[in-house]
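Engineer: here is a sequence with its predicted model. Questions after.
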Amino acid sequence: MAKLIRTWNIEHGTSTFFSEINWLISSSVSENRQIFSLQQVVSSIRKTIEERYQSSYWVKAEMHKLNLYPSGHAFPELVQKENDKIVAQINASIWNHNFQRINKQFIQVVKEPLKEGTTLLLNVKVVFHETFGLSLQILDIDPNYALGELQREREETLKKLQAERLINANQLLDFPLLPKRIAIISADTSKGLSDFMKVLNNNPWNYQFFTMLFQAYLQGDVAAPSIIEQLKRIEKVKHHFDVVVIVRGGGGEVGLSCYNNYELCKAIASFSLPILTGIGHSTNMTVAELVAFRNAITPTELADFLLQTFHDFSVPVNDARKVLRTSSARLLETNKQLFSAETKHFKNSANNYLLDAKNTLVVTSQKFKNEAKTLLTRNREHLHFAQKECLNYSNRLFKVNREKLAEHVEQLPTKFANRLAKEQQQLSEMENMVRLMDPKNVLKRGYSITTINGQTLDINNPVKIGDTIKTVTYDFELTSTVLKKEEHDE
Amino acid sequence: MTNELNYTVAFEELQQIVRDMEDGEITVDELAIKVKRASELIKVCKNKLTSTEEDVNLILKELEN
Amino acid sequence: MTNELNYTVAFEELQQIVRDMEDGEITVDELAIKVKRASELIKVCKNKLTSTEEDVNLILKELEN
Amino acid sequence: MTNELNYTVAFEELQQIVRDMEDGEITVDELAIKVKRASELIKVCKNKLTSTEEDVNLILKELEN
Amino acid sequence: MTNELNYTVAFEELQQIVRDMEDGEITVDELAIKVKRASELIKVCKNKLTSTEEDVNLILKELEN
Amino acid sequence: MTNELNYTVAFEELQQIVRDMEDGEITVDELAIKVKRASELIKVCKNKLTSTEEDVNLILKELEN
Amino acid sequence: MTNELNYTVAFEELQQIVRDMEDGEITVDELAIKVKRASELIKVCKNKLTSTEEDVNLILKELEN
């Protein structure tokens, strides 16, 4: 596309153009004034311009007005703006046959007819007409450039909405469970609308929708403000509605660039009800569709979607009935089983309890009986044992005492005999002594005893010569007279 | 009562009852009440699907103001 | 009194009695009373189950139409 | 007196007597009295069990219907 | 006198006698008396045992029925 | 007189006599008398033992029956 | 006279006589008398011993039987 664009240097062109004018002015003020007819002058200008601008030029300009005439010719106003101020302006013309061709090409490429207010790349020829004056004859318009411009507008709208954080705003709204009450923005002549209504109204499930049409232009430059206007109206009565739908269809794919319009897109994105679009085209999604709560390719599809939401609601409601039936039955069945199991369990437990209690009592009773008998038996044994011990210990006592007695009985004669022997010995010792002492036994050995007056002689019983003494021997008793007395030398 | 019930609330309550019943989280005591309630809710919801509530003329009148 | 008992409470009390009986936590003296109580509870539960089933079936039948 | 005894008290006293007998803590002099007492207790327990069983069986039979 | 003796006292006295005999603390002179006493005690105990046994058996037999 | 003697006294006197005899604490004059006495004591003891044994055996035999 | 003398008295007198004789304080005249007396005493004692032995042996023999 770039090689097609050959821009015409306006400044340069202007300088040559004005030299031509200067020439005209200088001639008009000369002394020997030469009078030209207007036609001469205008023809001269035309000639000059024709000579000067023989070829065609590629000019970038905004088509301010199209001014299409019934004749099929169009006389657009071209301007150049800088900071919203018009800095250049010129009228242009497109002849019928050119216009038809250009428009056809446009719709084919851009999917839009020529549109006012857009910047275009124009192939122009500078023409001067004696009666109509200077204008640019548009020979061709580059649709690719326009397409680029449209893309740019789309990008810009998106960027702005992004910046304003509105891109998702509508999509973030809660979608009603049943989008029953529908504000329709469409045209009553639109085939899209009739498709949409047909699907909604002829649903075999008898779903009831309430729809109200808000008429609007659906394409071209008028569409955006028209739709915005209706959105404003809907806003006023929004409590009567669940969703807004924008449906269009059957109008081909041309004139949809209005749906990239920033104002419209902003209005949609920031609308307080979910907006559904079904504007029927197959090309790139417009920004309006992108920011809408939901986009359907066609109105029919949109209607189907709405019906589907009813289904989505209706199915679980219908299922709920089934669930109620089956779950109730199951719940009751489960509880009945639990209950009957518990009842059985209860009966068993009660019976087991009694059985246990009886057994325990029987066991305890038996134990009691055994213990009573054991106690008696044990005591009897103790008694028997005591009795036996009595006998044993008695017998032992007898035996011990008998033995001790016997011991003494045995000792008695021995001890007596010993004693007797000792006495006898003592006695015989005495007897011996006495025998030894007996004077008779002394006399036997030749000794004799002399006495005087019956007394043995000693110092106390002295003897005088002449005394009669008596001498006793073992065998004799002699009487003598003392003849001599001698003292023993001591 | 059912007339006052918002169908959204009704739908959610119904689904909750259905979930509870499926999960077996309803006692025998609650069962009849829950089933009764669910049947009411079903009626509310079904009715909503096939009823029309809005009046174009009223809206048009509101739009005039 | 038993009329005021709901199924859940009745069934739990029944279970508790059975548990107590099994665990030997009921004396022989209490047994007859407990068994009587359990039989009452069983009746309560049975009635509740039956009446609930009837109620539910009625409601569901009504819903079908 | 025995009529007033409940099963639990009677059975515990019985068990105590049996335990005392096992431990040899009952003398021959006491034995007859203790045995008499124990036999009374056993009768009390038996009667109580029998009457309880009848009660329980009655309740359980009633429950079958 | 022996009639008044209870089994326990009698049996303890008997055991004391047996112990004394075992320790040799009874003289021949006392022996007869002690043995006589022991025999009396044994009789007391035996009688007591017998009568107790009869009582017990009677009670136990009565219990069987 | 001997009848009045009990075994213990008799046996002790006997023991004393036997002990005294050898030690000469009994005069020869008394000796015959003492031995006579001892023999009497022995008889007393023997009789006592015999009679006591008979008594005991009798008592115990009597107990067997 | 000697018959009246008991062994103890006789033996003591005998011992005294022997002691006196050993002391030599007895005159020859007396000595004969003492010896005579001692002889008599010895006889008495001997007779006593003999008679005692006979008596005792009799007693002991009697005991054997």
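Structural biologist: Yep, it's here. Residues are numbered from 1 along each chain as shown, chains lettered A, B, ... in the order given.
Engineer: and the helices in the stretch 301-450 of chain A?
Structural biologist: Using DSSP state H, counting those that start in this stretch, the helices of the stretch 301-450 of chain A run over residues A:439-444.
Engineer: tell me which parts of it are close to chain E?
Structural biologist: By C-beta under 8 Å from any C-beta of the partner chain, the residues of the stretch 301-450 of chain A that approach chain E are A:365, A:369, A:372-373, A:376, A:379-380, A:382-383, A:386-387, A:389-390, A:393-394, A:397-398, A:400-401. All C-beta spots, glycine's among them, are computed from the backbone N, C-alpha and C.
Engineer: show me which of these are buried.
Structural biologist: The neighbour-count test (16 or more other C-beta atoms under 10 Å in any protein chain shown) marks A:365, A:369, A:372, A:376, A:379-380, A:382-383, A:386-387, A:389-390, A:393-394, A:397-398, A:401 as buried among those.
Engineer: out of the residues you listed, which touch chain G?
Structural biologist: Counting by C-beta under 8 Å from any C-beta, nothing from these sits close to chain G.
Engineer: among the residues of the stretch 301-450 of chain A next to chain E, which are in reach of chain B?
Structural biologist: Among those, no residue lies close to chain B (C-beta under 8 Å from any C-beta).
Engineer: what residues are up against residue A:260?
Structural biologist: A:150, A:153, A:154, A:157, A:286, A:287, A:288 (C-beta atoms under 8 Å, 6 or more residues apart in numbering or on different chains).
Engineer: from chain D, how far out is residue A:154?
Structural biologist: Using C-beta to the nearest C-beta, to the nearest Å, we find residue A:154 at a distance of 82 Å from chain D.
Engineer: ok, residue A:366 next?
Structural biologist: Taken as C-beta to the nearest C-beta, the span from residue A:366 to chain D is 10 Å.
Engineer: confidence score at residue 10?
Structural biologist: By default, I'm working from chain A. On the pLDDT scale, residue A:10 is placed at 39.
Engineer: I was after chain B.
Structural biologist: Looking at residue B:10, the pLDDT reads 91.
Engineer: just to be sure, it is in a helix?
Structural biologist: Yes: assignment of residue B:10 by DSSP: H, G, I helix; E, B strand; the rest coil places it within a helix.
Engineer: hang on, it packs against residue B:41?
Structural biologist: Yes: counting by C-beta atoms under 8 Å, residue B:10 does reach residue B:41; the two are 4.6 Å apart.
Engineer: where does the prediction get shaky in the stretch 151-300 of chain A?
Structural biologist: Applying pLDDT under 70 to the stretch 151-300 of chain A flags residues A:250-253, A:282-283.
Engineer: could I get the full set of helices for it?
Structural biologist: Along the stretch 151-300 of chain A, counting by DSSP H, counting those that start in this stretch, helices occupy A:191-201, A:223-236, A:262-269, A:287-291, A:299-437.
Engineer: chain B too?
Structural biologist: For chain B, helices defined by DSSP state H occupy the ranges B:7-22, B:28-50, B:56-64.
Engineer: which of the ones you listed sits closest to residue A:199?
Structural biologist: Nearest to residue A:199 among the helices of chain B is helix B:28-50; the distance by C-beta to C-beta comes to 16.1 Å.
Engineer: quick one: the closest one to helix C:28-64, angle?
Structural biologist: Helix B:28-50 runs at 10 degrees relative to helix C:28-64, counting by axes from the mean of the first three to the mean of the last three C-alpha atoms, to 10 degrees.
Engineer: near chain C, which residues of chain A show up?
Structural biologist: Within reach of chain C by C-beta under 8 Å from any C-beta, chain A has these residues: A:321, A:324-325, A:328, A:332, A:335-336, A:338-339, A:342-343, A:345-346, A:349-350, A:352-354, A:356-357.
Engineer: out of those residues, which are buried?
Structural biologist: A:321, A:324-325, A:328, A:332, A:335-336, A:339, A:342-343, A:345-346, A:349-350, A:353-354, A:357.
Engineer: what's the distance between the residue of chain B found nearest chain D and chain F?
Structural biologist: Nearest to chain D in chain B, going by C-beta to the nearest C-beta, is residue B:28, at a distance of 19.1 Å. Distance from residue B:28 to chain F, counting by C-beta to the nearest C-beta: 81 Å.
Engineer: neighbours of that residue, just the number please.
Structural biologist: A count of nearby residues for residue B:28, using other C-beta atoms under 10 Å in any protein chain shown, gives 24.
Engineer: list the contacts of it.
Structural biologist: Going by C-beta under 8 Å, 6+ apart, residue B:28 touches A:331, A:332, A:335, C:7, C:8, C:11, C:45, C:48, C:49, C:52.
Engineer: tell me how many other residues crowd residue 43.
Structural biologist: No chain specified, so I'll use chain A. With other C-beta under 10 Å as criterion, residue A:43 counts 14.
Engineer: nope, chain B
Structural biologist: Neighbours of residue B:43 under the rule other C-beta under 10 Å: 16.
Engineer: and what of residue A:418?
Structural biologist: Residues lying near residue A:418 (other C-beta under 10 Å) number 12.
Engineer: isn't it up against residue F:22?
Structural biologist: Yes: counting by C-beta under 8 Å, residue F:22 is a contact partner of residue A:418 at 5.7 Å.
Engineer: relative to chain E, how far out is the spatially most central residue of chain B?
Structural biologist: Note on chain B: the residue nearest the mean C-alpha position is residue B:10, at 3.0 Å, using C-alpha atoms, centre = their mean. With distances taken as C-beta to the nearest C-beta, residue B:10 is found 74 Å from chain E.
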